[in-house]
Structure formats: C-alpha cells, structure tokens
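this one's structure only:
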C-alpha cells in the first residue's frame, strides 16, 4: 500500500474517531486540551497569553454572568478552572485531537482533526461582534496587534525591527 493511500486512510480514521467522540458523554470539554497543554510546546505564546486580557476574561464576569452560557461561551472554555479565560482553543479549535506532536507536525492531518491554524476576523467577531455587550466597537486590526502571533506576525515584527512573541509551527 502506498504512503499516500495510508495517509488518506489515517485522516479518515482520525476524522471518524473525532466525529464519534463529539457525542461522548463528556461533551465538548472532552475535546479540549487546555492552554496548559498548548504551552508545553508553544511556551512563548503561552507566556504572552498569560499576560493578556484573554487569560483573565472570566474574571470580568459577575457571579450571575458566570452561570449564563451566553457569557461563559466567550469568557471561558468550560466550568473547570483549567478552562477559564479565552484560551488557545477559543480561536484555534478544540485541540485534544491535534495536540499530539506528530499530528501538529502534519499540517493536513492537524487541520483534518480540527486545528484552525490561521483564525481570522470572523473568529474574533463571534465574541467581539455586534451582539457583544461591549460599548466600544471592535477594531480587528488593533485587537490583532495586541494578541498577534504566528509567522505573519513574526515577519511583520521583524520588518519593523521590534521584539515579538513567536509561534513555533
């Protein structure tokens, strides 16, 4: 059997397992890896996230808002303290299936099991859109400049000759 055929079978198998896992009794939380897991390989990004407003987004909620799924859907990944805040997977997709090193190194396979490598404005607008209770209108470019990471951000920062957080992909 050729390597290409084996790769296709592997992608189908992993995607099938992922889809089957969605109905698991633990639900969405079982598909989350958590920022701590991401930080094992992406230490610079994790350190930057810990200092960001996203990491502490859950602390902005009142007690009643903490019980409101509309609020917690943007301010947290789940009820566990390990899932508090706007974490990596809030933008990059549930990571339990792609967090393994051998999967992250395979761009096609990681995308097939849920990695959103380059989330764009539409991802931000899910929480920072017109339905958001924020008084200030959302400025994507300014927001991205505050949290930006990845190769494009690193290249732009290098061009501007300023230090930046780098993404290890």
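Nice, I can see it. On a predicted model such as this, the values are computed, not experimentally measured, just so you know. Numbers count the residues shown, from 1 in each chain.

next one: residue 118 from residue 48, what distance?
17 Å (CB to CB, to the nearest Å). Just so you know, the C-beta spots here come from the backbone N, C-alpha and C atoms, and that holds for glycine as well.

which stretches in the protein count as helices?
Ranges of helices in the chain, per DSSP state H, are 3-22, 35-41, 43-50, 63-66, 69-75, 88-92, 101-104, 107-112, 121-128, 140-147, 151-159.

mean pLDDT lowest where, among these?
Least confident of these, judged by mean pLDDT, is helix 3-22 with a mean of 51.

neighbour count winner among residue 118 and residue 48?
residue 48 (19 against 11; other CB atoms under 10 Å).

my guess is that one contacts residue 149. True?
Yes - assessed by CB atoms under 8 Å, residue 48 is found in contact with residue 149 at 6.8 Å.

give me the most central residue, this protein.
residue 89 (2.5 Å; CA atoms, centre = their mean).

that one and residue 32 touch, don't they?
Yes - counting by CB under 8 Å, residue 89 touches residue 32, with 5.6 Å between them.

I'd like to know how far the residue nearest to the centre of the chain sits from residue 133.
The gap separating residue 89 from residue 133 is 23 Å, by CB to CB.

and for residue 89 and residue 32, which residues touch both?
Listed as contacting both residue 89 and residue 32 by CB atoms under 8 Å, 6 or more residues apart in numbering are 77, 95.

ok, and what's touching stretch 126-133?
73-74, 86, 90, 134, 138, 143.

and that stretch, how far apart are its ends?
End-to-end distance of stretch 126-133 (CA to CA, to the nearest Å): 12 Å.

in that stretch, which residues are buried?
For stretch 126-133, the neighbour count (16 or more other CB atoms under 10 Å) marks 127-128 as buried.

so how far is that stretch off the chain centroid?
Mean-position distance between stretch 126-133 and its chain equals 18 Å (CA atoms, centre = their mean, to the nearest Å).
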